[in-house]
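Asker: this is a predicted model, with the sequence first.
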Amino acid sequence: MSDIPQFVDRVIREYRGRVGFLIPMMQDIQAEYGFLPREALEHLASRLSIPLSQVYSVATFYASFRLAPKGKHVITLCMGTVCYLKGAKAINDRIRETLGVEAGQTTADGLFTYQPVNCVGMCALAPVLLIDEKHFSKVTPEQVSEILADYARREQVA
Amino acid sequence: MTVAVQRLTNAQELAALREELRARRAKEERVVSVCTGTGCMGKGSAALLAALDLAAREVAAEGRVFKVRPSGCHGLCEHGPIVVIEPEGTFYQNVTEADVPELVRESVLGDRVVERLLYKDPATGQVCRTADAVPFYRRQMRVVLRHNGLIDPESIEDYIVVGGYEALAKVLTQMTPDEVIEEVIRSGLRGRGGGGFPTGRKWRSCRAAHGEPKYIIANGDEGDPGAFMDRSIMEGNPHSVIEGLIIGAYAVGAAEGFIYVRNEYPLAVRRLKHALQQAREYGLLGEDILGSGFSFDVHINRGGGAFVCGESTALMASLEGKPGEPRAKYVHTVESGLWQKPTNLNNVETFANVPVIITRGADWFASIGTEGSKGTKVFSLTGKVCNTGLVEVPMGITLREIVFDIGGGIPGGKKFKAVQTGGPSGGCIPAQYLDTRVDFDELTRLGSMMGSGGLIVMDEDTCMVNVARYFTEFLQQESCGKCTPCREGLAQMLAILTRITRGEGREEDVGLLLEICDWLECAALCGLGNTACNPVRSTIRYFRDEYEAHIRDRRCPAKECKGLFVYDIVAETCKGCGLCRKKCPVGAIAGERRKPHSLDRSKCTLCGACFEVCPFGAVVKV
């Protein structure tokens, strides 16, 4: 992981300093650090000569930005219409109960961040759950418990 | 094998390259095409592709040659991964890695067919050897998706072979911008993103608008849950969107364009980026395209995960690096859009229609469809339907044909209840309107809308009040909060709907909901707010009895809302396996092994564990 101001400067150069590309710049910063560090946002605002409040308003408006570090694994649950019709609500309940977190939160051990999303566009496989990049299709609450236990177990061994 | 990239400097060179590539392709004996659409990828087509590649290398060592080609979405996601052997077009479904040795030996190197991997029509039992024979495809008409299964989305050469960039060459060498606009107007093409505004007229307004520079935007921020058409087009045939966008830029006079892609679609972003790079290398994008003097380039922007950014002014705010809040459209975006400059925005599917309109002509395009809606529409058919997938049909087809002939009807012998169209701002259409012809105006007349093209089928187990609640909750969470009717109205509607689904509804609730609907419709700032009442209004219009059952009888007719139905065990069906007894967290179920069990309702907490676990369907909702 590189020095924050240096990295931010590099990102700004890539977009030739155009304020219109603020969101892509912030996406690149988040891709590097997993979240938007305060230092990076401050540096970004001052370099682009825009108020920090504008950067902050963007960071809080869009659901994909996070201001706190994420867990080791990100659990993405599709809450699209089809997944909902096919039982995503029960899966949402199961994940929240099992991990003791609400949407957007990270478990105390830093292992999982839970993020339900509107739709991942994989309706043929509904209900769909993703852990990091891996898909789990047509999942049931029972399977979710097993999947989560499996991930937690692997972490203990490692 | 790719030849060294040659930058094309005129239309003749493009035509010559196409001929050369075609001649080379004609020599290829067999091609195994593997679907790499999202559905198939989720079912393991990446591993399948790797296994086929390995097999191809192995047989190559023995002097036998076949080509493996990843392709875009074939549409029949329910039966993926899909593999097609060309030139015969043998259509295999549900193919796994384990099938590769047999498939290669029999069907690729040999001339036999692996029957067990063919599609079998569940209605007639007939085995289908090619896609044309599969009922799912028989009623479709593929215009936008016509090349989706045939080309490698990462190969510009594949796109050129099937006639790609021919339309662009024609436009740049033989047509003036006004002629292009005239052609698109005559074709009758209307915006595929939901609004249905005539595309050519929008282009004309943007061309006529004062101010420089002008911008053009392809909207790929497909935010409707249950919709994946745009995703499949961007992932399956990215060049078709880019070609349409360049033609649009030429027509309106834009030098810079943007493709705004949803954040949840990383593969679409990757393929579009790759395609843009290739187009630049071939001289089809950038400075002096095909030596015509016309210059244009495109950026890709990823959305930030905000549904409202599908709205044009919100999307433009997002492109300016601001929160995606819409503005009132007293002044149209074609006059003053991105950075207050004339801006033309169309959906990616709209752009993907443009090249074929240019090459085959406006008359051909206008011959498809209905009086007011021309061409085809891509739908993602999902929900409680047998053949979930991506379908493209001519405008004017009936909902019944889509749901029953193409979709194969409702699984599990359940009864059809409604089809939801138009995304969260659309409405639910009940069974008595199944013979409605699908076009922009008919769907609006029924209180729904075309929207971007999600078709979600609902069966008898779906509670329509709960559906309305789901969409309202979605819209309430996604409301940007700028205008009061949308922000407060949706919050109140959600509170009312929630209490109805909990059995706490009040007599006046339906009237109250309709009143808030009126306010949203007339007073919200943007199109999303205006149409946010559709789910509630359409379900009240067609399923008022369900609302009343919840409110007056404290009963959920679909038996979905917890607390508004109870569980029972059917003694005749129960085998006494004891699974439900063991699962019940409160000991409400009793019974001896191998004898029918019984449920004590006074203890039951309605958790549903018994219902889920019973393998014989003996636990029922009553």
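Answerer: Happy to help now that I have it. Residues are numbered from 1 along each chain as shown, chains lettered A, B, ... in the order given.
Asker: and the average pLDDT for stretch B:584-596 is what?
Answerer: Average pLDDT, stretch B:584-596: 93.
Asker: can you name the residues in contact with it?
Answerer: Contact with stretch B:584-596 is made by B:569, B:571-572, B:574-578, B:580-581, B:597-601, B:603-605, B:607, B:609-610, as judged by CB atoms under 8 Å, 6 or more residues apart in numbering or on different chains. All C-beta spots, glycine's among them, are computed from the backbone N, C-alpha and C.
Asker: 10 Å instead, please
Answerer: For stretch B:584-596, the surrounding residues in contact (CB atoms under 10 Å, 6 or more residues apart in numbering or on different chains) are B:567, B:569-583, B:597-607, B:609-610, B:613, B:618-619.
Asker: stretch B:111-119 too?
Answerer: B:30, B:76, B:79, B:82-83, B:85, B:88, B:90-96, B:99, B:102-103, B:105-108, B:126-131, B:133-137.
Asker: list, out of those residues, those positioned next to chain A.
Answerer: Contacts with chain A within the contacts of stretch B:111-119, counted by CB under 10 Å from any CB of the partner chain: B:76, B:79.
Asker: just the ones of the contacts of stretch B:111-119 in helices?
Answerer: Counting by DSSP state H, the contacts of stretch B:111-119 place B:102, B:103, B:135, B:136, B:137 in helices.
Asker: biggest separation within those residues, which pair?
Answerer: Greatest spacing in the ones in helices among the contacts of stretch B:111-119, by CB to CB: B:102 and B:135 (26.1 Å).
Asker: more neighbours: these two, which one.
Answerer: residue B:135 (20 against 13; other CB atoms under 10 Å in any protein chain shown).
Asker: find the nearest non-adjacent residue to that one, please.
Answerer: residue B:121 (5.8 Å; CB to CB, 6 or more residues apart in numbering or on different chains).
Asker: let me see the contact set for that neighbour.
Answerer: B:127, B:128, B:133, B:134, B:135, B:136, B:408.
Asker: now the last one: closest residue in space, sequence neighbours ignored.
Answerer: The one in question is residue B:408. Once flanking residues are discounted, residue B:408 sits nearest to residue B:386: 3.4 Å by CB to CB, 6+ apart.
Asker: the one you found touches residue B:404, doesn't it?
Answerer: Yes: Residue B:386 lies in contact with residue B:404 (CB atoms under 10 Å); the separation is 9.4 Å.
Asker: okay, and the common contacts of the two?
Answerer: Here residue B:386 and residue B:404 have B:410, B:457 as joint contacts, going by CB under 10 Å, 6+ apart.
Asker: tell me who's in contact with the residue of chain A most remote from its centre.
Answerer: Computed with CA atoms, centre = their mean, the residue of chain A farthest from its C-alpha average is residue A:49, at 27.8 Å. Neighbouring residues of residue A:49 by CB under 10 Å, 6+ apart: A:17, A:19.
Asker: pLDDT at it, what is it?
Answerer: Reported pLDDT for residue A:49: 96.
Asker: again with residue B:1
Answerer: Here, the pLDDT recorded for residue B:1 equals 41.
Asker: now swap in the one 5 residues further on and tell me
Answerer: The score at residue B:6 is 76. That number is its pLDDT.
Asker: ditto for residue A:145
Answerer: In this model, residue A:145 is scored at 93, pLDDT.
Asker: how far does the one helix or strand in chain B whose mean pLDDT sits lowest sit from the chain's center?
Answerer: Ranking every helix and strand in chain B by mean pLDDT, DSSP states H and E puts helix B:38-42 at the bottom, with a mean of 86. Put simply, helix B:38-42 sits 14 Å off its chain's centre (CA atoms, centre = their mean, to the nearest Å).
Asker: and chain A, is that helix touching that?
Answerer: Yes: Helix B:38-42 reaches chain A (CB under 10 Å from any CB) through B:38, B:39, B:40, B:41, B:42.
Asker: residue A:60 in helix, strand or coil?
Answerer: Assigned with DSSP: H, G, I helix; E, B strand; the rest coil, residue A:60 falls in the helix class.
Asker: re the thing from before, select from the contacts of residue B:121 the one having the most neighbours.
Answerer: For these, neighbours tallied by other CB under 10 Å; top is residue B:136, 24 neighbours.
Asker: need the pLDDT of that residue.
Answerer: 94.
Asker: isn't it up against residue B:128?
Answerer: Yes: under the criterion of CB under 10 Å, residue B:136 makes contact with residue B:128 at 9.3 Å.
Asker: list phi and psi for the residue farthest from the centre of chain A.
Answerer: phi 60, psi 50 (degrees, to the nearest 10).
Asker: residue B:347 now?
Answerer: Torsion angles, degrees, to the nearest 10, at residue B:347: phi -70, psi 160.
Asker: is residue B:419 bridged to anything, and to what?
Answerer: Taking DSSP bridges as the rule, residue B:419 bridges to residue B:429, residue B:457.
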